[in-house]
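A.B. asks: A structural model of the following input is requested.
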Amino acid sequence: MKDFRFLWIVGLIVTALLIAVPVLLFASSGDAVSPDPWAYVAPTPAHTDHAALLPGPYAAGQEVTAACLECHETSAQEMMQTTHWTWESEPVLLPGRAEPVTVGKKNQLNNFCIGIQGNWTGCTSCHAGYGWADASFDFSQQTAVDCLVCHADANLYAKDDAGLPAAGVDLAASAQSVGRPTRQNCGSCHFNGGGGNAVKHSDLDESLYYPDAGIDVHMGRLDFQCVDCHSGENHQITGHSISVSPEVKDTLACANCHVEPIHADARISSHTDAVACQTCHIPEGALRHATKVDWDWSTAGQELPEDPHVYLKIKGNFVYEHDTQPTYAWWNGAADRYLIGDLIDPAAVTLINDPQGDIADPEARIYPFKVHTARQPYDVVNQYLLVPMTAGEGGFWDTFDWESAFRLNEPNTGLAFSGEYGFAPTAMYWSMDHMVQPKEEALQCYDCHGENGRMDWAALGYYGDPMEWGGR
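C.D. replies: Residues are numbered from 1 along each chain as shown. Sure, this is the predicted structure:
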């Protein structure tokens, strides 16, 4: 009897462990604290004052670049290997194509200002170089690289037609101000793509110059600069835009810093194989400035009351929206692309860029996009989209004559104009990666699931709400 005196105590302990261990394991897995994301953010390099190093005077931007290269001997060569310089991808084999092609602003079109061919001087005001005024621009000239646009104080430096410094810019003062790129440097172009603030992007606009946390938690609460995430070496900046980069060649991702376990609630973590971080953490775009969601070129040239958010004679009618809810689609990071000269069906919507991936693609995630629609000119006989000459003498903005604008641009685009034109519907996807909200403002279960959820489950390939029907 003596040997079994404490048997009931042992049994009680074993029973308690059987109950407690699973509970503790579940609790620890759910309440685990994420590793510190700051451990993965590169420290800000020390600033070097260039006031004494670049005394000037400088008569042209090219002279500033020559002075920079005296110390930074390889920087221009590095820059010239990037798409910030070439505006063109490496050859890539797109779906359904027999041969690789290059894609970029340099040689393709969009459904905003349409194309840079024949319109170089205006479009290339945002090129990181000097003097791209026509097709003869020398991309091998090192001193044509514009160091100042990315490194000078944006309050001192600005660019104009063909990427040349704006009139009145003090080049010596600009050169002496150089440092690590700021949001102002990047935003001077990226916030104003398409001809104005917030035109192209719903997640990039001038509110990000001085945001609060309600605009973007990284830039507002933590004062991130663009290059804190879009870092890289040898001027190769990480990140890519679906509009001009049809394939992913870098590893920029939220999970580079926010490593597992990310969420305290395991039910949320179970979504990450199918749902991109951006989908929950960027609920809306255009939070302060309205973004353009539709552009109708067919009404351009008419004598109508003008309002930059409704109608301009040189561009036609627009629709702008605030607090835009994204369109959701599967995306594996790659995209198909309309190429100049591709045939279209003018009765159907032509996708300028088509996110690749579907519910059966294990690499794809549900991703938020802004979709911009347009009606843009096409050749009725040849059945392809046209690129008019808009800027400069004889361009549409000068004469308001579409036929002349198409004829003048034939040598620049290689597109023969039949003499008959119309306007066809197009759509273009723009991924949403900025304006990340504080975690308290992320989407909740009921925002996506249930009768009033924002997801179109059928369009995404589900039989119904996956909370009822199951995930992929």
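
A.B. asks: what's the closest non-adjacent residue to residue 458?
C.D. replies: residue 464 (7.7 Å; Cβ to Cβ, 6 or more residues apart in numbering). Every residue, glycine included, has its C-beta placed from N, CA and C.

A.B. asks: can you pull the contacts of the spatially most central residue of the chain?
C.D. replies: Centroid-nearest residue in the chain: residue 241, 4.3 Å away (criterion: Cα atoms, centre = their mean). For residue 241, the contact set (Cβ atoms under 8 Å, 6 or more residues apart in numbering) comprises 430-431.

A.B. asks: Surely residue 295 is in a strand?
C.D. replies: Yes - the assignment for residue 295 by DSSP: H, G, I helix; E, B strand; the rest coil puts it in a strand.

A.B. asks: picking up where we left off before, do you know the pLDDT at the residue nearest to residue 458?
C.D. replies: Model confidence at residue 464, given as pLDDT, is 94.

A.B. asks: so after the longest strand seen in the chain, what's the next helix or strand?
C.D. replies: Using DSSP state E, we find that the single longest strand of the chain is strand 365-379. Proceeding C-terminally, strand 365-379 gives way to strand 384-385 as the next helix or strand, assigned by DSSP states H and E.

A.B. asks: Mind listing residues that contact that following strand?
C.D. replies: For strand 384-385, the external contacting residues (Cβ under 8 Å, 6+ apart) are 109, 338, 340-344, 350, 376-379, 415, 424, 426.

A.B. asks: now do stretch 205-224
C.D. replies: 183-184, 187, 191-192, 197-198, 225, 228-229, 286-289, 291, 434-439, 441.

A.B. asks: rerun at 6 Å
C.D. replies: In this structure, residues lying in contact with stretch 205-224 by Cβ atoms under 6 Å, 6 or more residues apart in numbering are 183, 191, 197-198, 287-289, 434-436, 438.

A.B. asks: I'd like to know the average pLDDT value across it.
C.D. replies: Rounded mean pLDDT across stretch 205-224 is 97.

A.B. asks: Now do it: distance to the chain's middle.
C.D. replies: Its chain's average C-alpha position is 17 Å from that of stretch 205-224, according to Cα atoms, centre = their mean, to the nearest Å.

A.B. asks: what does stretch 170-182 give?
C.D. replies: 26 Å.

A.B. asks: Mind listing what's buried along that stretch?
C.D. replies: Neighbour counts using 16 or more other Cβ atoms under 10 Å place 171-172, 174-178, 181-182 of stretch 170-182 among the buried residues.

A.B. asks: Just the terminal-to-terminal distance for that stretch.
C.D. replies: End-to-end distance of stretch 170-182 (Cα to Cα, to the nearest Å): 19 Å.

A.B. asks: hey, where'd the strands end up in the stretch 201-350 of the chain?
C.D. replies: 232-233, 236-237, 291-296, 311-312, 316-321, 327-331, 335-337, 350-355 (DSSP state E, counting those that start in this stretch).

A.B. asks: between those strands, which gets nearest to residue 363?
C.D. replies: In terms of Cβ to Cβ, the element of the strands of the stretch 201-350 of the chain nearest to residue 363 is strand 327-331, at 9.3 Å.

A.B. asks: List the strands paired with that closest one, with their directions.
C.D. replies: strand 365-379 (antiparallel) (DSSP bridges).

A.B. asks: how many neighbours does the nearest residue to residue 147 once chain neighbours are set aside have?
C.D. replies: Distances taken as Cβ to Cβ, 6+ apart place residue 68 nearest to residue 147, at 4.8 Å, with adjacent residues excluded. Counted with other Cβ atoms under 10 Å, the neighbours of residue 68 add up to 22.

A.B. asks: Tell me the secondary structure at residue 68.
C.D. replies: Following three-state DSSP, we place residue 68 in the helix state.

A.B. asks: Residue 324 versus that one, what's the distance?
C.D. replies: 41 Å (Cβ to Cβ, to the nearest Å).

A.B. asks: give me every residue that touches the residue nearest to residue 439 when sequence neighbours are not counted.
C.D. replies: Among residues not flanking residue 439 along the chain, residue 281 sits closest, at 7.5 Å (Cβ to Cβ, 6+ apart). Shown in contact with residue 281 (Cβ under 6 Å, 6+ apart): 436-437, 442.

A.B. asks: Now pLDDT and neighbour count too, for those, in TSV please.
C.D. replies: Below are the contacts of residue 281 laid out as TSV (pLDDT from 0 to 100; neighbours: other Cβ atoms under 10 Å):
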residue	pLDDT	neighbour count
436	98	23
437	98	19
442	97	16
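
A.B. asks: returning to what we had before: angles on the backbone of the residue nearest to residue 458, please.
C.D. replies: For residue 464, the backbone dihedrals (degrees, to the nearest 10) come out as phi 180, psi -170.

A.B. asks: Please report the distance of the residue nearest to residue 147 from residue 44.
C.D. replies: Residue 68 is 21 Å from residue 44, by Cβ to Cβ.

A.B. asks: Let me know the average pLDDT across stretch 151-170.
C.D. replies: 97.

A.B. asks: any idea whether the nearest residue to residue 348 once chain neighbours are set aside is helix, strand or coil?
C.D. replies: Nearest non-adjacent residue to residue 348, counting by Cβ to Cβ, 6+ apart: residue 425, 7.6 Å away. Put simply, residue 425 is strand when judged by three-state DSSP.

A.B. asks: re earlier: what's the separation between the residue nearest to residue 439 and residue 60?
C.D. replies: Residue 281 is 45 Å from residue 60, by Cβ to Cβ.

A.B. asks: returning to what we had before: please identify which of the contacts of residue 281 is nearest to residue 274.
C.D. replies: Checking these against residue 274 by Cβ to Cβ gives residue 442 as the nearest, at 16.2 Å.

A.B. asks: show me where the stretch 1-150 of the chain has strands.
C.D. replies: Taking DSSP E, counting those that start in this stretch as the criterion, the stretch 1-150 of the chain carries no strands.

A.B. asks: in the chain, what secondary structure element scores lowest on mean pLDDT?
C.D. replies: One helix or strand of the chain scores below all others by mean pLDDT, DSSP states H and E: helix 7-31, with a mean of 48.

A.B. asks: Can you get me a residue count around the residue lying closest to residue 66 once chain neighbours are set aside?
C.D. replies: In this structure, residue 66 finds its nearest non-sequential neighbour in residue 143, 5.2 Å apart by Cβ to Cβ, 6+ apart. For residue 143, the neighbour count with other Cβ under 10 Å is 19.

A.B. asks: Then the one 4 residues further on?
C.D. replies: For residue 147, the tally of surrounding residues (other Cβ under 10 Å) stands at 22.

A.B. asks: That one and residue 399: what is the separation?
C.D. replies: Using Cβ to Cβ, one gets 38 Å for the distance from residue 147 to residue 399.
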